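Trainee: sharing a sequence plus its predicted fold:
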Amino acid sequence: MTKTRKCKYCDQNAIIRLAYANLSLCKKHFIEFYEKRIKKMIEKYKIKGEVMVAVSGGKDSMALLHALNKISNEAGIDVIAYHIDLGIGKYSEESKKIVLEFAKRIGVLLIVSDIKNDLGFTIPEIIKYSNKPPCAVCGIVKRWLINRVAYDLGIKYVATGHNIDDVSTMYLKALLTQDIYSLSRGQYEHMDPMPEIKMVGRIRPQFYLSERENRLYTILNDIPVVDIECPLGKRAVIHKYKVAWDTLLRINPVGQINLTKTMIKITKNLRETERELRQCSRCGFPTESDRLCAFCRLVSRFKSWKKE
Ligand code: Q46
Ligand code: ZN
Ligand code: ZN
């Protein structure tokens, strides 16, 4: 017979056990715990004013939009949602529909970019002209566009839905594949704006929250989530590494958090790994490269191939 656990803060039955925090929580106290974590992060970095939340329609970003909007008055922030129609068939159509409905329901201003209209190509079209994996190409395009839109609107911070599963898996994969470049770039919870190189500040309020917590938060708050998987992401190698955590977290429930914190400490202490950012000679947005940023390289490759 399995013993029903009680919530740590009241006499209700717990609906979740968070082994990493040694906490069992009922619905009410889990929602409170979750929103408090998001609020603390906003306060820790003294974020005020407009925050643009990049929303894909997936559980992480939808939970983030809901939570940030709920705490916005208390935290002194104004939430604006931003969605990109990537042109990936049914997946993009469904995502846009869900994000539009949800933003309307919670009364948040939503900005939508259609990359076919805005940039002249869809993700399935541009990946054909690149030798990078689809998600890497998609990531370059999304990062560039999110930054440009926020910068043009004069917004100081963009919030994205990266969680501890994403962050710790990126570290794990980089360590196991000797990917020194990714290790030295590191993962960040917060990055200050750098207006001199047209870079908007970035925050990841769910940096230490897990997919499981984000999923539960969407269920408990009746938040819709796109139920179609992106057809281009199915083969992404990162998913294979993620599975390793199922075993590792059973041995050490704080393993993901500890690996992430350790790597952040190590990379912070390596002065030579500090990133030097400058402006791209074509678009003027930030890049580590001497000339063209990754986005402009991608676009020029696309254009030259199309001419041939
Ligand atoms: S949309 Fe783009 Fe994701 Fe599809 S291609 Fe990969 S990154 S999986 S969130
Ligand atoms: Zn409780
Ligand atoms: Zn550029």
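Mentor: Perfect, I can see it now. Residues are numbered from 1 along each chain as shown. Ligands and ions are numbered 1, 2, ... in the order given.
Trainee: switch to C-alpha atoms for all contacts and neighbour counts from now on
Mentor: Fine.
Trainee: identify the residues contacting whichever residue of the stretch 1-150 of the chain sits closest to ligand 3.
Mentor: Using CA to the ion, Trp144 is the residue of the stretch 1-150 of the chain that sits closest to ligand 3, at 8.2 Å. By CA atoms under 8 Å, 6 or more residues apart in numbering, the residues touching Trp144 are Phe285, Phe295.
Trainee: just confirm it is within a helix.
Mentor: Yes: under DSSP: H, G, I helix; E, B strand; the rest coil, Trp144 falls within a helix.
Trainee: mean confidence for the longest strand along the chain?
Mentor: Criterion DSSP state E: the longest strand present in the chain is strand 77-85. Strand 77-85 comes out with an average pLDDT of 98.
Trainee: so which bits of stretch 184-200 are buried?
Mentor: Neighbour-count burial for stretch 184-200, with 16 or more other CA atoms under 10 Å as criterion, is recorded at Ser184, Gly186, Gln187, Glu189, His190, Pro193, Lys198, Met199, Val200.
Trainee: rewinding a little: pLDDT wise, what is the residue of the stretch 1-150 of the chain closest to ligand 3 at?
Mentor: Per-residue confidence (pLDDT) for Trp144: 98.
Trainee: please apply the same query to Arg301.
Mentor: So, for Arg301, pLDDT stands at 89.
Trainee: returning to what we had before: tell me which two in the buried residues of stretch 184-200 are the farthest apart.
Mentor: Put simply, by CA to CA the two of these set farthest apart are Ser184 and Lys198, 22.7 Å from each other.
Trainee: distance check, the residue of the stretch 1-150 of the chain closest to ligand 3 against Asp152.
Mentor: 12 Å (CA to CA, to the nearest Å).
Trainee: equivalent analysis for Leu145, please.
Mentor: When Leu145 is compared with Asp152 (using CA to CA), they lie 10 Å apart.
Trainee: contact residues of this structure facing ligand 1?
Mentor: Proximity of the chain to ligand 1, by CA under 6 Å from any ligand atom, involves residues Pro134, Cys135, Cys138, Gly139, Cys230, Leu232, Gly233.
Trainee: go with 5 Å
Mentor: Residues of the chain lying close to ligand 1 (CA under 5 Å from any ligand atom) are Cys135, Cys138, Cys230, Leu232, Gly233.
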